[in-house]
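>>> Let's see this in three dimensions:
(one chain, ligands or ions: 3)
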Amino acid sequence: MALSRILPLSLALAALVPAAAQAAPPTKRTFDGSQAIERMEAADTNHDGTVTRTELVTYRNGEWQRLDRNGDGYFSADDLPRFLRDRWNGDKLKQMRDTYDRNRDGRISRAEFTSGPTPAFDMADANHDNRVTQAELKAALAAVRN
Ligand SMILES: [Ca+2]
Ligand SMILES: [Ca+2]
Ligand SMILES: [Ca+2]
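Ligands and ions are numbered 1, 2, ... in the order given. Next up, the predicted model:
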């Protein structure tokens, strides 16, 4: 496998992991939620400064293409390159499964991922209108950094 094919996945995983950590149950307090909130800006696909829940789901659908590399509809150890496969049972991916694998079959289905928990969005959407504005995003960032 060419290195150029492997690197984008490692980057995708690196980008993904903070979101998974952010999505962990509230009892785990050690993560830095600021990364997950910063990444939410990328979900503003029409660039109007507001991230809607619909945009977030669209964004997750895009992320899914990078996770389910073998296209079988599940994110599982099979989707990791061999040299990364031991990370499947590492803390970060385990935490991701704890968050998204609702039926506890040890893998994450497309539906489990795209309609899974959205803790960063929920936290930032202070007035609960299913839209996160720039001001709300900034306030959420300030809150997690303090
Ligand atoms: Ca938008
Ligand atoms: Ca797969
Ligand atoms: Ca599952």
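>>> Does Leu56 touch Met40 like I think?
Yes. At 7.3 Å, Leu56 counts as touching Met40 under the criterion of CB atoms under 8 Å. Yep, even glycine has a C-beta here, placed from its N, CA and C like the rest.
>>> where do the contact lists of these two overlap?
Shared contacts of Leu56 and Met40 (CB atoms under 8 Å, 6 or more residues apart in numbering): Phe121.
>>> and those two? which has more neighbours close in?
Met40 (23 against 20; other CB atoms under 10 Å).
>>> can you pull the contacts of that one?
So Met40 contacts Val51, Leu56, Ala120, Phe121, Ala124, Val132, Leu137 (CB under 8 Å, 6+ apart).
>>> lowest-confidence helix or strand of this structure?
helix 3-22 (a mean of 52; mean pLDDT, DSSP states H and E).
>>> next structured bit after it?
Remark: after helix 3-22, the chain's next helix or strand is helix 34-40, criterion DSSP states H and E.
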